[in-house]
Each structure stands twice: as structure tokens, then as C-alpha cells.
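Chemist: here's my sequence, what's the structure:
(chains A and B)
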Protein chains: 2
Amino acid sequence: MSQRSRRQPNMNLGKGNMAAPSSQSCTALERSIRERVPTLLTDLYQFTMAYAYWRSGRHNEPAVFELFFRDNPFGGSFSLFSGMHDCLLFLRSFRFTDEDVEYLRSVLPPATDPAFFLFLRELDCSGVTLHSVPEGMVVFARVPLMEVSGPLAVVQLLETSLLCLVNYASLVCSNAARFRLAAGSRRKLLEMGLRRAQGPDGGLTASRYTYVGGFDMTSNVQAGFLFGIPVAGTMAHSYVTSFSSLEEVWPQTLVAANGDHDNIDLISLTKGWLGRVCELLGVESGKIHEGELAAFLSYAIAYPHNFLPVIDSYSVTYSGLLNFCAVALSLFELDYSPLGVRLDSGDLCRQSVEVRHVFRLCSEQFSIPAFQSLLIVGTNNISEYSMAELNKKENEIDVVGVGTHLVTCTRQPSLGCVYKLVEVRGSPRMKFSEDPEKSTVPGRKAVYRMLDTEGHPFLDLLCLCEEPAPKACVAVRCHPVVGNKTCQSITPSQVSCLRLEVYTKGQITHPLCSTAETREKVQSSIQTLHPRHKRLQEPDSYIVAVSEKLHNLIAEIRNGSSNNSNFLLAN
Amino acid sequence: MSQRSRRQPNMNLGKGNMAAPSSQSCTALERSIRERVPTLLTDLYQFTMAYAYWRSGRHNEPAVFELFFRDNPFGGSFSLFSGMHDCLLFLRSFRFTDEDVEYLRSVLPPATDPAFFLFLRELDCSGVTLHSVPEGMVVFARVPLMEVSGPLAVVQLLETSLLCLVNYASLVCSNAARFRLAAGSRRKLLEMGLRRAQGPDGGLTASRYTYVGGFDMTSNVQAGFLFGIPVAGTMAHSYVTSFSSLEEVWPQTLVAANGDHDNIDLISLTKGWLGRVCELLGVESGKIHEGELAAFLSYAIAYPHNFLPVIDSYSVTYSGLLNFCAVALSLFELDYSPLGVRLDSGDLCRQSVEVRHVFRLCSEQFSIPAFQSLLIVGTNNISEYSMAELNKKENEIDVVGVGTHLVTCTRQPSLGCVYKLVEVRGSPRMKFSEDPEKSTVPGRKAVYRMLDTEGHPFLDLLCLCEEPAPKACVAVRCHPVVGNKTCQSITPSQVSCLRLEVYTKGQITHPLCSTAETREKVQSSIQTLHPRHKRLQEPDSYIVAVSEKLHNLIAEIRNGSSNNSNFLLAN
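Modeler: Next up is the predicted model:
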């Protein structure tokens, strides 16, 4: 009998499911980006603006856009940055086909100069440079995560696609990280939201980035294929209810795992165990479903090493648990190791305690130590809140499967990233807006993260890129961008530059990490956070500030705008 | 000067944007389904179950699954059914490639018989029959919308993909229909949520089904390309802030629309108008942004027929509105018809009233009747609630653009469709579950909609398919499936059968409608609803009931289950 220690759940179902994606699937990944994000998947106004830039000869003016979000999601104080790798693949493949251009010709105003379509046909991102926070890093509201620089018309055209790729990836990754924090590191987490996601690609993106955010496995096979994520799953209720009688079990025999070649009649063996289990538990057998037992037997014969049935199709106490124990005891007798059970309805905590109690009784009564540590998987509309409750209420759940609340981010289904122009031809640009919080921070910037003596980040500082970098152990004056805006002086113990050049001259200049590597980065990035920022409920706000010089630039532009109409006097 | 009457907004930007999708884009549509929903985009347990069916020789047993949702979304009493067309295309293209099968071989347990992979490689949906509610029909919780019948292993394998295609499509279509009901029929609605959607395909699906649900146009170009949806959009703030001086305007001249070939200096002309506008309104010119005026002029020169700038980049009252009026007056003078303005921040209602007031003053002062009826587009985080508020507060908004709340369905981001086994080999199947509301209704059914004397539907009745259909004006006994479950007798004035056969023997057997046709169906389907069911807030519940015979079958299966363990005595 194989030795599996309690609390080391392993729902993996085969040999290859932890493997990195094959070179075939790397090709598939690139193809998938081109298919998922065709170049026309953008807002029409990107083209009308591009035309107006082109018409006035400004399309090649050097421009700089920044991508950021305005509020941390889910009432937390941080987010995780994801989607950058997809942006890189998108930039590399950005091109309009003849078919694209013909369609654009049909929808842009008739006044559009035909030469503009020739211009579009030739466009690519060879003139674009992307500086970005690395994929999987902890980030904060108002910090420019990406800086996209290049020809005005091109960097304008990229807006919607980059936002679309970063927004949901970062949101769902952050959501997963919160579920992981709520669950603690011990419990295994399974993502299983594909069917409830916002469309097929919503499901695929969720599987990918919830793994990055800290989940252990997914039910989504395509996500396993494309991203090398471990996949898991055994059976649904339909499998159980499809059986009605033991006559449907075929073959009815199983050869023991110990090398003995005799065919053992698993039905008779299990009937015997079922009687003993009922006796042990003092339960009447009157409500035991024959079809459920048939389903369990049939599955156990097909996959004797991977027996983990869903046990609530009829009644956990009076049917599912009894049938499971009987089949599991048969498997143990034949030297197989069943995996455990899944609960999918009712009070998961209460039931898991009952199930574990029965497992312990069987373990003692039948002298099978491994029986007490069989897995209990819980899957029933789990939210971040109910996940956190699992740490407060008595329960015996080893693996939690999460769907809807995880993948659709019910608590806040959109992150709200924006993409704002900050510089043209070396001159800073700023939007004021009728809503003060929609104002932008002008100028091309460098972004620094300030760490305290314990290595926890405590402030992100936006400087103009021509400013000297702040230094460790040297005081620097800064102005928080929200909340208490009065100037303060801070002294970091360490300073790190937050963004890297990741794309330039048509080339990706920073190595792409595998999904698994990014997942590790996420966990180590979260670990650097101070507990006051990591707290899921009512965390302290993390301070994002601008340098004295940037602060002055903002004031200058605001004041300049009040004295701006001299042009009316000129001819 | 062209005659456009007030309140007939037309933001369409060209000649071809209302066209049905070309044959090229029909091909693109089919390709898109195969790319968006690869056959591996499903849960692993579909394969482990398929294997266990196959292993026990049950894979070809005739089985019937039903797809339905348990609760109407958004606190309403109805939903719209969408996604069926995509399901049909999916069924038609359902096949595993060698690469798919090789990946499955690597993740399924090593015990899997190699012959199973040959079986998978040969699978298709030629044995599957789909009966479905037509695309775009009003539907209610607990009514089986699709019945999928065919070989057990195949119809099991379809579960996740069908759910994924129907769930979000129906949800976002229903959300759009609610926004449309909240807005009333007069106002034009623009969907613009791509950048905030749950991934690229989430955005594409949203554009498609919000149009179906009652929106008039989308900003999403790919949605226009694939589905023939009218596309709209003019400029973002970045376009405005990219200009800083009138020197950037090039060319600076425009030829009048009346055929006169003289090049008119639009800058001088507009400066003159700007002075007169400031005088008329008694506004100081000190806060007028030169860059904003340059942006407006430049755009107007590029697209003189399509001038609709965003006017809140700096200040609506002191800059944007003044600049707009000046450029618009120049365009009118040259016999062009500007379209209007977009407001994207602040109190949209208040500002729209101010803007309309200024439009009227200009109209009167400068004798341009069309000026008073220029479009006012509002776009600022619109929710269903704020949309409904537009009917209560004074405002002058003609077109509303909606993004985040529409496409991500913030109020309820998942519909929760499920797919349940109801019959195998002609015998009904039922799941009981630990949660009573998760129980299923067994047996193969026919679904009838009962209409009252005014043609409003008032009850959907699920019968066993062998029962005779209920008849108009004949009383029928029925048992509501939720709420008050006591038997009642109802007499419909009309009865309609809700589902059609849409796919069988590998063929789509019901004509696919265009996106625009489905949109019309949605509106006429909603119109049949009684106001008490159509109400957005606290509507009456719509009754879904089972026939006497089906009610008895449920009781029989439940009772049968209490006396089920005789099999333990047999050998």
C-alpha cells in the first residue's frame, strides 16, 4: 500500500500534467494570442484619431502613454500585475491584413484619404518601446505600470488591446491571490470556473492567471495544454446518476495492484464491505442507492489509482459516504490507494467533519492507517468570505474547488485600467477633467519602490525621468497623490527601480517566464508586503507619491492653463 | 445645410457600417468559433467520465441532458436566451486533433486503455440532436432551454463548452435588455466596454450580445467586422491633449461643402467665431485651451462631416464647449453639419442641460436651427441605476455610452447555467443533492408557454414528452417548481411549444439568424411580456410549473429511493 501522509493532497491524474508546455504548445500560445486579439479588436476611435494624426502629419511624433489603474481592487491595498507577456506577443504580431484594411475602409468616413489605408497596411510596432513592471509583481493604484512610447498614431492604436489584456488578467490574478491568502498556504486550491466565466477566453484567462495568483491546479484542459498548469478532476453528478443498477458495471473484476493476477469480483467484495461499514456506523442500508454504488465501482475499475467520487448525488450520510467507504475498502484490500471524496452541496464544513469521523472509524476498525487521511474536496459556491470562514469553523476540507466567485470576480468584476497620454515631442501632457480624480499626472517618469529596514515596500515614488534616482538612506521629499497630500520627507533603506525595458525595435528584450515561474514570482512578491498592507479587510493604504519636481510640474501646468488665450490675439 | 431633426442621433461614421457581415466575415465567424472554443477547452472530468463510460461499454447508450439556469439574473423576473448559434457552430466543428489526443494521453491516468484515444480521435457530433429555445427569446429560471440527446459519452463531453457559450451570452444580453428598458426606446445606446471586459473575447461577446439585447452600436471594430454591428466613435482625451498649439493644425484650410472650391482658412474663421461665442455667453476667454482648439480644428479638417469631440479634457464651461461652438459654427458656415459633443466626466445631467442651453443660444443668435439639436453624448461609468435616473432628472443626453457595468455585469457577473442528466436508455434520472434547490427534474420533457387573453405569457409548463400537449382554452393542472408549490389549475388562451429541433445528424436544421434579426426577435419577445414581469425593480415572479404526470414521476423516484437496497441481498 503506498504511503501518503495526511494533508498532502495530490489530485493530479497522470504522468504529464505538471510538465512545462511543449514547444508545440508554445507555438499554440503565440497563435492563440493572434486569434484572441486580432488587430481589429479595438475601438473605432483609435482609427479616426490615427487618421486625424496622419492627416495633420503628426503620426510619427514621439509620444508616451502610461497604463495604470486608479483604485486597488476588492477593497484591498494592492493588486498583482499580469498580462504583460500577452502584450509583448501582441506587439510582436501587430499588423493589419488586407481584409482588415478593407473593412476599415468600409466603416471610416468617406472623406478618409485612401493613402491612409496604405499607411495602415504597412504599420507595425518596430518603432514602439515598452517599459513595464515585471509580470506578477505586487503593484498599487496610480502607479504607471507600463510606459508605451513610439510614433503617436501607433501608440494610440495600441490602447484598447493593451488595456484589455492587462485589465482582466491583473484583476483575476489579484482575486486568486486574495483567495490564497484567505485559504492559507496549507490547503490545495482548484480553479474550476470555465463554465461560469465571461466567455470561453474569459475562462481560459482565468485558469491561467488564477494559477499564477496562487491556485494549485485547474479543471480546464486547454489551460493545461497551453500553459502547463496541472489539471484535475474526476466525476460529475451526471456520471453518478447515469447508473441505475449494478448490472451496468462492466467489467466487474479488478486485478490486485500487488502483482497477483487473479481477477477479483469487485461487486461481491464491495457488497461485503458495505455490510460491514453499515454495521460499524450503525446505519440502515435502506437509502443506499444502487446506481451510485454502480457508478463508484465502475469508476474504480476504470481508474483504480484515481478514485475520488462526488458523494452527494442522493444523500452523503445515507448513501454516498457508505458507498465510497465500501469501494475504498475494496481498493485498499487490493492494494490500491483511493484518493478521497468530493462534497458539492450543503454545509461543507459540517459534512467534512462527519466524513473525516467516518474515515477515522474505518481506519481504526479495519486497520488501514491511510483511510483516515483520504482527501476531502469541497466545492460549493466558495467565495473569498467563505474561504476565510474555513479558517474559523471546524472542518476537514483538504482541497477547495472554486468557480464563479473566483473567475468572474463577483465582488468587483473590472479593474479599470486606463491608458493616458503623458508626453508628446518631449513636452508633458495633462488632462484636467471635470472629476479631479480623473486628472492625469504629466511627463515621462521613472518609478521607484521604497523599502523599509525590514525589506517591506512602504512607498512608490513617481519622478520625472530626468531626475536623479532616489538613494538608499537619503531623505527625499514627496507628495502623496491621494489622501493626505501634504509634502513629507521619507528615508528608504533600499530603493528599487520598478520598471524594465521589455520591448524595443520589434524585439522582446526581457525573457518571458513560464506560467509556473511567474506564479513563484507572485508569491515572493506578496511575501515582501508588510502585514498591514497584505490584510484582506481594512488594510492600511499604501502610499504612492510624486517627487517635488513632478509636483511642481503639475502646479505649473495647472497655472499655465489659466493664462492660455493669448493665441486668440495672434493671426 | 443638411436637415437633421433633433433626437434622431446618428453617430454612424461611414457608408458600410450597417452592412450585414460579408461572406468573408461569415467564414471568419466559423473560424472564430473554432479558435475561441477549441475542443480541449473543457473540464478534465469530462474525459475521465467519458473513459469510464467507454470502459464499461456504456458510451453509446442514448442519454439526454438539459441546460437551464436556476435564478433569473439582476433581481428581475426574466432573462434572454443567447449563445445557441455558437453552440450549433461548435457542434458542427467538434472534433479532436492528433495534438489534442496526445495531450490528453499525457494527462489522463496511465491506466487509460490506449484504444480510448483512438475512440476520441474518431468522435464527432453526428449522433447528437439538439432541441433548443430559439436564440433571443425571453426565458425564465428552471425552464430547460436546451435538450441535448445522443451517445452518453459525447453529450457528456459537450457540457462545459455549451455552458460556457450560453452562460455569458445570455447574461450580457439580458443585462443590455435591462439597460434598454431603463433607457426607454428613444435614447441611442452605445456599447464601449471592450477595454474593461473580462478578456478580449469577453469584450467581443459583450459587443455582440449587448447589440442583440437592444444597444444600437458598439465601439468594437472586430464586432462590426464579424457581426455587422454598427460601429461608432470619434476621439479620446489623448487626442485632445496631444495638441498644444494652433501651429500643429495642418492643413489649416477646408473647402466648403457647397461645391465652392476656395480653400477657407479654418483657424482664422474659428477665432472669429470664438470671440463671438465668448461675447454671446459673457465668458472670459482666459481659460480657453489653445491645444484643445487645435485638436478640434484638426479633427474637423480631417472629418468635417463627423465632428463630435470630447469636450471635458480641461473645462467644459470655460474651454471645451466654447471651442466646440466656434468650430461647429465655422463648419455650419461652410455648409457642413457637425454632429455634437461628448461629455465624459462630472455630472452629465447638469452639464448636458448647460450644453443644450448654449446650443440654443447659438442657434438663435446665429440663426442656425440645426445647432440646437446637435447630439449630446454622455459616457461616465453608467450603470442600470444611473440610466434609469436619466428618466427622472432633467437632462439633454441623446446618446449614452456604457462600458464596465454593461459588459462585466457588475451587479451579477455570472448566470449560473447548469447541464443535468435527465434520462438514460429511456429511463428518467434525478439528482437529489444536499441542497433541495440543487435537485433536478427527471425525464425527457416538452416545454410549453401559456399565454393569457392579451397574449402575455404567464406560465411555462414542463411536461413529459409523451404527454399530449396542453390545449388553448382547456384547463390543465400544474405544480409550480418553486415558491407556492400547491397544485393549481390554469386555462391558457394560447399555448406555444417553446423548443425546436435545431441540430441533428451532423446538420444545423434551423436557419441561423443574423445578429440584427436576432436583435429584432429580442425586442418583440420582450414586448410580449406583461408589465408586471418586465418591471426592473421588484417584478412579479413568473411561474414555471411541472405537469401532474411529471410531478408524480418526481414523487415516485423520491419514494423509490427510500427502498433501494434490495440489491445488497442479491449476489
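
Chemist: so what's residue A:380 up against?
Modeler: By C-beta atoms under 8 Å, 6 or more residues apart in numbering or on different chains, the contact set of residue A:380 is A:343-346, A:348, B:435. The C-beta positions use only the backbone N, C-alpha and C, and glycine is treated the same way.

Chemist: the same query, at a cut-off of 10 Å, please.
Modeler: With contact taken as C-beta atoms under 10 Å, 6 or more residues apart in numbering or on different chains, residue A:380 is in contact with A:312, A:342-348, A:351, A:386, A:400-403, B:433-435, B:438.

Chemist: a helix runs through it, doesn't it?
Modeler: No. If the criterion is DSSP: H, G, I helix; E, B strand; the rest coil, then residue A:380 is coil and not within a helix.

Chemist: about what we covered before: and the contacts of residue A:380, which are buried?
Modeler: A:312, A:342-346, A:348, A:351, A:386, A:400-403, B:433-434, B:438 (16 or more other C-beta atoms under 10 Å in any protein chain shown).

Chemist: okay, and which of those residues map to helices?
Modeler: In this view, these that belong to helices under DSSP state H are A:348, A:351, A:386.

Chemist: where along the stretch 401-550 of chain A do the strands fall?
Modeler: Applying DSSP state E, counting those that start in this stretch to the stretch 401-550 of chain A gives strands spanning A:417-424, A:427-428, A:445-451, A:457-464, A:476-480, A:488-490, A:494-497, A:500-504, A:507-508, A:543-547.

Chemist: next, format the ones you listed as TSV and append mean neighbour count and distance to chain B.
Modeler: Output for the strands of the stretch 401-550 of chain A, formatted as TSV (neighbours: other C-beta atoms under 10 Å in any protein chain shown; distance: least, C-beta to the nearest C-beta, whole Å):
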stretch	mean neighbour count	distance to chain B
strand A:417-424	23	4
strand A:427-428	16	6
strand A:445-451	22	16
strand A:457-464	22	18
strand A:476-480	19	22
strand A:488-490	13	29
strand A:494-497	14	26
strand A:500-504	18	19
strand A:507-508	13	20
strand A:543-547	22	18
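
Chemist: so for residue B:452, which of those strands sits nearest?
Modeler: Among these, strand A:417-424 comes nearest to residue B:452, with 49.0 Å by C-beta to C-beta.

Chemist: tally of neighbours for residue A:215?
Modeler: 29 (other C-beta atoms under 10 Å in any protein chain shown).

Chemist: then the one 10 residues further on?
Modeler: Residue neighbour count, defined by other C-beta under 10 Å, stands at 26 for residue A:225.

Chemist: now it: closest residue in space, sequence neighbours ignored.
Modeler: Using C-beta to C-beta, 6 or more residues apart in numbering or on different chains and skipping the chain neighbours, the partner closest in space to residue A:225 is residue B:103 (4.8 Å).

Chemist: centre-most residue in chain A?
Modeler: residue A:209 (2.4 Å; C-alpha atoms, centre = their mean).

Chemist: checking it next. Helix, strand or coil?
Modeler: Quick answer, by three-state DSSP: residue A:209 is helix.

Chemist: show me the contacts for the closest residue to it other than its chain neighbours.
Modeler: Using C-beta to C-beta, 6+ apart and skipping the chain neighbours, the partner closest in space to residue A:209 is residue A:173 (4.1 Å). Each residue near residue A:173 by C-beta under 10 Å, 6+ apart is listed here: A:79-83, A:135-136, A:205-206, A:208-215, A:518-519, A:522.

Chemist: one more pass at 6 Å, please.
Modeler: By C-beta atoms under 6 Å, 6 or more residues apart in numbering or on different chains, the contact set of residue A:173 is A:80, A:82, A:209, A:212-213.

Chemist: are any of the residues you listed buried, and if so which?
Modeler: Here, 16+ other C-beta under 10 Å leaves A:80, A:82, A:209, A:212-213 buried among these.

Chemist: now flag whichever of these is closest to residue B:298.
Modeler: residue A:82 (36.9 Å).

Chemist: that closest one falls within a helix, correct?
Modeler: No. Using three-state DSSP, the assignment for residue A:82 is coil, not a helix.

Chemist: ok and the residue in the stretch 351-500 of chain A nearest chain B?
Modeler: residue A:434 (2.9 Å; C-beta to the nearest C-beta).

Chemist: the residue nearest to residue A:225 reaches residue A:224, doesn't it?
Modeler: No. Taking contacts as C-beta atoms under 6 Å, residue B:103 lies outside contact range of residue A:224: 7.4 Å.

Chemist: ok, the residue nearest to residue A:55 when sequence neighbours are not counted - contacts?
Modeler: Nearest-residue entry for residue A:55: residue B:302, 4.3 Å, with adjacent residues in sequence omitted and distances by C-beta to C-beta, 6+ apart. Residue B:302 sits next to A:51-52, A:55 when contact means C-beta under 6 Å, 6+ apart.

Chemist: for those, which single residue is the most surrounded?
Modeler: Ranking the contacts of residue B:302 using other C-beta under 10 Å puts residue A:51 first, with 25 neighbours.

Chemist: so that one: helix, strand or coil?
Modeler: helix.

Chemist: show the pLDDT at the closest residue to it other than its chain neighbours.
Modeler: Once flanking residues are discounted, residue A:51 sits nearest to residue A:116: 5.4 Å by C-beta to C-beta, 6+ apart. In this model, residue A:116 is scored at 98, pLDDT.

Chemist: please report the distance of residue A:116 from residue B:379.
Modeler: Going from residue A:116 to residue B:379 by C-beta to C-beta, to the nearest Å gives 26 Å.

Chemist: if we can go back for a sec, ok, so of the contacts of residue A:173, who is nearest residue B:158?
Modeler: residue A:209 (26.1 Å).

Chemist: got the confidence number for that closest one?
Modeler: 98.

Chemist: quick check, it in contact with residue A:174.
Modeler: No. Under the criterion of C-beta under 6 Å, residue A:209 is not in contact with residue A:174, lying 8.9 Å apart.

Chemist: residue A:361: how many residues sit nearby?
Modeler: 16.

Chemist: next up, the contacts around residue A:163.
Modeler: Here residue A:163 is in contact with A:417, A:419, B:195 (C-beta under 6 Å, 6+ apart).

Chemist: shouldn't the residue nearest to residue A:51 be in contact with residue A:50?
Modeler: No. The pair residue A:116 / residue A:50 is not scored as a contact, 8.0 Å apart, by C-beta under 6 Å.

Chemist: whichever residue of the stretch 51-200 of chain A sits closest to chain B is in what secondary structure piece?
Modeler: Closest to chain B within the stretch 51-200 of chain A is residue A:106: 3.0 Å, counting by C-beta to the nearest C-beta. In the assignment (DSSP states H and E), residue A:106 maps to helix A:98-107.

Chemist: how about the residue nearest to the centre of chain A, what does it touch?
Modeler: Residue A:209 touches A:82, A:169, A:172-173, counting by C-beta under 6 Å, 6+ apart.

Chemist: turn those residues into CSV, including secondary structure and pLDDT.
Modeler: As requested, the contacts of residue A:209 are arranged in CSV below (DSSP: H, G, I helix; E, B strand; the rest coil; pLDDT from 0 to 100):
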residue, secondary structure, pLDDT
A:82, coil, 98
A:169, helix, 98
A:172, helix, 98
A:173, helix, 98
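
Chemist: follow-up on the earlier one: next SSE downstream of the helix holding residue A:106?
Modeler: Next element after helix A:98-107 (DSSP H and E): helix A:114-122.

Chemist: tell me which strands and helices that following helix is in contact with?
Modeler: helix A:44-55, helix A:98-107 (3 or more C-beta pairs under 6 Å, 6 or more residues apart in numbering or on different chains; DSSP states H and E).

Chemist: buried ones in that helix?
Modeler: Buried-residue list, helix A:114-122, by 16+ other C-beta under 10 Å: A:116-117, A:119-120.
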